[in-house]
Structure formats: C-alpha cells, structure tokens
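Engineer: need coordinates for the below:
(one chain, ligands or ions: 1)
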Amino acid sequence: MKEHKIKVTEAFYSVQGEGRHVGVPSFFLRTYGCNFTCPSFGMTHGEKTTQPDEIAALVFQSPDKYKTMADLPLATKGCDTYLSWHPAFKEYSKFMVTSEIVEDMKSKIPSGKYSADVHLVVTGGEPLLGWQRTYPELLERLKAEMGLTHVTFETNGTQRLSDTFKSYLHTCGLNIHFSVSPKLSASGESWDDAIQPKIVCEYAYYGIVDFKFVVDSIEGVQEVDRAVNAYKLYGVGYTSVYLMPEGGINEGYQTNTRKVADFAMKHGY
Ligand code: SF4
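Structural biologist: Numbering: from 1, shown residues only. The predicted structure is shown next:
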C-alpha cells in the first residue's frame, strides 16, 4: 500500500519548553505550511516585518552560503518559524513517507520508544492543515512500533478537524492534547481570522484543550481576557490558560517575563 507523505520542516528530540507538558522529553515533528504569516511580532503595533523576505533575498544572492537550515539567520521579528511556511524556503523542508518518519524517530529518541514520559508533539507551521489525512497512519504505526501514548498538536486554533480525523481521534485510544495558541493583535493577524471559538469547541470532544497566548504588553494581556471570554461564551471546554512572554530571541523574552508573570498571577492563568 502506498504510504502517506508529510512535508517536514524539522524533526528533533528535545524537552517541551511550554505549557502543560513543560519539561517532558518530546519528539517534535514540525510540518510545513501555515495559513498565517504573523508579521507583527516584535514590531511597533500596526507595523509588519519584511525580515523573512530579506533573508530570502540573501539566500537568492548567495545560495552556496545557505545550503542547510542551520546556515540561515534567526528571525528576530515576526514569526520565528518562517521556514515552516515562507515559500522561498520550501526546499529546506522535505517530503518523508510514514516509515521514514518512524525510523527517524527511532534513531533520535535514545530509548527508541515513546512512553507516558516521552511524548510526540506535532507542530508547525499549522499542523492541522491538510496533513490531518496522514496522521492516522503515522499514529497507528507509532502506537504499534514505539508504544506511543501521548500526542500534542500545537495549533493556532483555526482549522476544522476533518470527519475522517475526528473518527480516528474518537477511537484511537491515545491521550490527545490540543495546545491552542490563538494569535492576538500583536501578531498582525486579524481578530476575526484568529479567534475561532466554534472550531476550537470541537477539539474539546477529542482531547484536552489548553490555550497558550504570546503576549508583549499590557494591551496584549488585556486582549487575552477578551479572547478567553469569547471562548468561554461559546462553551469551549478548555483546561488551562498559559501566557508566554513574546521574544523570538532571549533579550526580548527577558524584557517581557516579569510583567507577563505578574499578569498571570493576578488573573489565575
Ligand atoms: S501561526 Fe505560528 S507558525 Fe503560523 S505564522 Fe503565526 S507564529 Fe508562525
């Protein structure tokens, strides 16, 4: 039978640094493609970065200098995973069939297997785009060959689950977690596009839903309340709300940490 293929931007074993499972050793599968571009992170409100296009121009001028992903500069503004969606960098991501992905995981996870203490994180880009059709095959193989029990989908919360994927999630017996990171105005995406309670409401039928907001200012943290209320009004069954200081690089991150921590303590997030 022909195997499914996924365009993979990165596949690596590390420690979860965010949200409910912070500290859990996890394999990260970063799929290619996103429905957003989030051009305003780290910019004065209303402005949009052109950094990914500038990096693309550098690559175009000196392709020999940027042969691998590791040769590319970090983005300090906008989306920090521009490689996972910007068309100029699509060649850095490669199609992998299910068996190649499974073998890659076996070779990178030291024990060669998953457990309640070693999770799979499917991230992006936006991992709930069309790749949904490939996950049942992959997850079944991982259950059978590597003892997979816990999967987190890190999503921006705008993609409907397909009927086929919903049927699979309903019966798969895995612990499913949706780590939903809705994009607030600091991202540059519009509220109506980014805040989709009707869609996220469905996720809660198939797994645990947490929210994770990237915030950069007092206005930003107030927007978190507005978004959480919008989800509550719709009856979204979420478990926890996590706040994450904006900062693609360490300097920005440190600047925001204290004020975000204060807000989280005050509001019980
Ligand atoms: S939703 Fe995430 S991956 Fe997509 S552009 Fe925004 S920050 Fe980047």
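Engineer: thought residue 138 was touching residue 4?
Structural biologist: Yes: the pair residue 138 / residue 4 is scored as a contact, 7.2 Å apart, by Cβ atoms under 8 Å. Bear in mind the C-beta positions are built from the backbone N, C-alpha and C, glycine included.
Engineer: neighbour-wise, which of those two wins?
Structural biologist: Set residue 138 next to residue 4 and count neighbours by other Cβ atoms under 10 Å: residue 138 wins out with 25 against 16.
Engineer: what about the more buried one, distance to residue 167?
Structural biologist: Distance of residue 138 to residue 167, given as Cβ to Cβ, to the nearest Å: 16 Å.
Engineer: do the same with residue 146
Structural biologist: From residue 146 to residue 167 the distance is 23 Å (Cβ to Cβ).
Engineer: and the residue of the stretch 101-250 of the chain found nearest the ligand, how many neighbours?
Structural biologist: Proximity of the stretch 101-250 of the chain to the ligand (Cβ to the nearest ligand atom) peaks at residue 156, 4.1 Å away. By other Cβ under 10 Å, the residues close to residue 156 number 23.
Engineer: CA atoms of the one helix or strand residue 222 maps to as CSV?
Structural biologist: Taking DSSP states H and E as the criterion, residue 222 maps to helix 218-233. Coordinates of the C-alpha atoms in helix 218-233 are reproduced here as CSV (Å, rounded to 0.1, in the frame of the first residue of the first chain):
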residue,chain,number,x,y,z
ILE,A,218,-0.5,45.5,28.9
GLU,A,219,-2.8,45.8,25.9
GLY,A,220,-1.8,42.3,24.9
VAL,A,221,-2.6,40.8,28.2
GLN,A,222,-6.0,42.6,28.3
GLU,A,223,-6.7,41.0,24.9
VAL,A,224,-6.1,37.6,26.5
ASP,A,225,-9.1,38.2,28.7
ARG,A,226,-11.2,39.3,25.8
ALA,A,227,-10.2,36.1,23.8
VAL,A,228,-10.7,33.8,26.8
ASN,A,229,-14.2,35.3,27.3
ALA,A,230,-15.0,34.8,23.7
TYR,A,231,-14.1,31.1,24.0
LYS,A,232,-16.0,30.8,27.3
LEU,A,233,-19.1,32.4,25.8
